[in-house]
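**Q** Fold the following for me, if possible:
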Amino acid sequence: MPERLIPDYTEQPAYLGPIAVIVALAIVCGGAALLYLQLASPEEKRALLSLFQNAPVAKKAEPLSRFGKVYASLDVTTMPVTFEQKSEAARLLDQLQREPCDREAIEPLAKLMVDSGYPREGARSAMSFGERCGHNDDLLELAYAALTRLADYSGALGVSEEMVKLSPARPRYRFLRGTAYERLKNYKAALSDFISTLQLFSDLSNVAATEFYRISRMYDAVGRPCDAITPLEMFLSYDVAKRQTPQISQLISEYATKGNCRASYATGSDRVVVGTSNIVDVTINGAKGRMIVDTGASMVSMTPAFAARARILPDESNPITFQVVGGTVQSAPGNAQLMEIGNVRAANVPVAINMGNAAAYGPQVDGLLGMTFLARFNITLAGGALELKPRTLN
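**A** Residues are numbered from 1 along each chain as shown. Predicted coordinates for the structure are as follows:
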């Protein structure tokens with residue numbers, strides 16, 4: 001019989017052995033696990049269950065946005081696809097993809113981001129667009145509101161800086177910047193901005209009490225409660241009969257007590273001769289000068305030369321902006337320790353020192369006698385004379 005080259009038994013495939021081992025192990029492990037669960041305490045069972053429940057689940061990768069370049073130009077991390085699925089968002093993003101400086105697209109898009117719960121992205125889009133294509137009022141207002149909503153007052157301050165650059169004579173922007181400074185507890189800078197807000201109104205007699213009170217609050221915050229009285233007195237001076245309320249009287253009384261300033265705030269009475277163009281002689285810290293009586297000026301203002309003679313140091317780090325014919329001027333705040341007109345005296349009077357124009361008030365005129373002095377008195381200007389009588393601090 002010829003030798004057989006093929007064995008007379010059927011060979012098993014090589015992989016069946018390992019599979020059999022794995023199946024056996026699985027049966028053994030499963031049985032062991034079942035036995036463990038039967039014998040385990042309730043606490044051990046809960047611990048084992050929580051292990052499986054807390055196991056990380058692989059997240060599906062977000063599909064790539066087709067507006068990546070638009071987001072990059074707006075300095076925004078790609079928004080969720082759910083945002084792009086909004087037809088309005090997709091339309092606006094598509095517009096900006098085609099025309100990167102389309103203002104009619106960026107404003108509604110930034111607002112849609114804010115309204116959809118992404119205020120920081122909305123603010124960043126507005127500001128980045130403005131840096132590339134030019135800022136405007138609407139975008140800056142939107143960014144400021146979004147950042148203050150997030151209590152990001154440093155960011156809001158940066159936005160308000162751009163506002164002031166865009167419209168230096170607009171009172172609202174000084175107010176918004178002052179508010180950001182106040183939130184950041186920079187009360188000196190807030191004070192200058194709130195004073196500038198007041199200066200930029202054309203008619204102080206029509207300004208609301210809140211604008212005066214903000215200044216009072218900042219004077220008090222920087223430790224000058226006696227100066228905090230003056231803005232309130234200024235507000236009253238335009239219509240004492242109607243504006244004198246128990247609340248304002250109480251505030252004035254509290255500031256007067258806090259600063260111990262009743263004895264020096266305003267003293268003496270006099271009737272002084274007023275020259276041509278309402279010019280009167282004044283003495284400030286012993287230095288003699290000539291000023292124009294101006295009840296429309298909220299502050300006593302003076303030239304740099306007179307301030308130097310009166311030994312008044314200007315705080316140039318916190319300038320005040322004044323509205324004048326033809327534009328605005330910058331002044332530095334200062335403080336006159338003592339102002340005298342005839343027999344009338346007032347201590348610690350806030351003043352503004354003109355920065356740049358040595359002859360801002362006319363030849364041989366040293367400044368304006370404004371309301372930071374005049375509001376401390378009941379005044380009558382008539383018949384070539386100025387009559388002053390001190391107001392009572394309640």
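**Q** Can you pull the domain assignment for this structure?
**A** What automatic domain parsing lists as the domains of the chain is 68-166, 270-390.
**Q** Mean pLDDT and mean neighbour count added to these, as CSV?
**A** In short, each C-beta sits where N, CA and C put it, glycine included. Below are the domains of the chain laid out as CSV (pLDDT from 0 to 100; neighbours: other Cβ atoms under 10 Å):
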stretch, mean pLDDT, mean neighbour count
domain 68-166, 95, 18
domain 270-390, 90, 18
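**Q** In JSON lines, list those domains along with distance to S249.
**A** What follows is those, written out as JSON lines (distance: least, Cβ to Cβ, whole Å):
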{"stretch": "domain 68-166", "distance to S249": "33"}
{"stretch": "domain 270-390", "distance to S249": "15"}
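**Q** ok, and the closest non-adjacent residue to E162?
**A** Among residues not flanking E162 along the chain, H135 sits closest, at 5.4 Å (Cβ to Cβ, 6 or more residues apart in numbering).
**Q** Could you tell me how far that neighbour is located from R149?
**A** H135 sits at a distance of 20 Å from R149 (criterion: Cβ to Cβ, to the nearest Å).
**Q** Grab the nearest non-local neighbour of A221.
**A** Nearest residue to A221 in three dimensions, chain neighbours excluded: Y187, at 4.1 Å (Cβ to Cβ, 6+ apart).
**Q** closest to A180 out of the domains of the chain?
**A** Ranking the domains of the chain by proximity to A180 (Cβ to Cβ) places domain 68-166 first, at 4.0 Å.
**Q** and A209, what does it touch?
**A** By Cβ atoms under 8 Å, 6 or more residues apart in numbering, the contact set of A209 is F235, R243, I248.
**Q** right, and the second one touches E233 too?
**A** Read it as R243. No: at 10.4 Å, R243 does not count as touching E233 under the criterion of Cβ atoms under 8 Å.
**Q** more crowded one of these two?
**A** Neighbours were counted for R243 and for E233 using other Cβ atoms under 10 Å; E233 has more, 23 against 13.
**Q** can I assume I312 is in contact with M339?
**A** No: with contact defined as Cβ under 8 Å, I312 does not count as touching M339 (10.7 Å).
**Q** related to what we said a few turns ago, which one of the domains of the chain lies closest to F194?
**A** domain 270-390 (9.7 Å).
**Q** And P363, its phi and psi?
**A** Phi and psi for P363, reported as degrees, to the nearest 10, are phi -60, psi 130.
**Q** what's the next secondary structure element after the strand or helix carrying Y219?
**A** For Y219, the element it lies in under DSSP states H and E is helix 209-221. On the C-terminal side of helix 209-221, the nearest following helix or strand under DSSP H and E is helix 225-237.
**Q** Name the surrounding residues that touch the following helix or strand past that following helix.
**A** For helix 225-237, the following helix or strand on the C-terminal side (DSSP H and E) is helix 240-243. For helix 240-243, the surrounding residues in contact (Cβ under 8 Å, 6+ apart) are A209, F235, L236.
**Q** any chance you could map the strands in the chain?
**A** Using DSSP state E, the strands assigned to the chain run over residues 270-273, 279-284, 287-293, 300-302, 320-324, 327-341, 344-354, 367-369, 377-382, 385-390.
**Q** Tell me which of the ones you listed lies nearest to S196.
**A** Among these, strand 320-324 sits nearest to S196 (Cβ to Cβ), with 4.3 Å.
**Q** Just the CA atoms of that closest one, as PDB, please.
**A** Extracted in PDB, the C-alpha atoms of strand 320-324 (Å, rounded to 0.1, in the frame of the first residue of the first chain):
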ATOM      1  CA  ILE A 320     -11.200 117.400  32.400                       C
ATOM      2  CA  THR A 321     -12.700 118.200  29.000                       C
ATOM      3  CA  PHE A 322     -14.700 121.500  28.600                       C
ATOM      4  CA  GLN A 323     -17.000 122.400  25.700                       C
ATOM      5  CA  VAL A 324     -16.100 125.700  24.200                       C
END
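**Q** by how many degrees do it and strand 344-354 diverge?
**A** Per axes from the mean of the first three to the mean of the last three Cα atoms, to 10 degrees, the angle that strand 320-324 makes with strand 344-354 is 90 degrees.
**Q** Adjacent strands (with direction) for strand 320-324?
**A** Applying DSSP bridges to the sheet, strand 320-324 is found paired with strand 327-341 (antiparallel).
**Q** Please tell me how far the partner strand is from the chain's geometric centre.
**A** Counting by Cα atoms, centre = their mean, to the nearest Å, strand 327-341 is centred 25 Å from the centre of its parent chain.
**Q** do the same with stretch 68-88
**A** Distance, centroid of stretch 68-88 to centroid of chain: 28 Å (Cα atoms, centre = their mean).
**Q** for stretch 89-104, same thing?
**A** Using Cα atoms, centre = their mean, the offset of stretch 89-104 from its chain centre is 30 Å.
**Q** No further questions, thank you.
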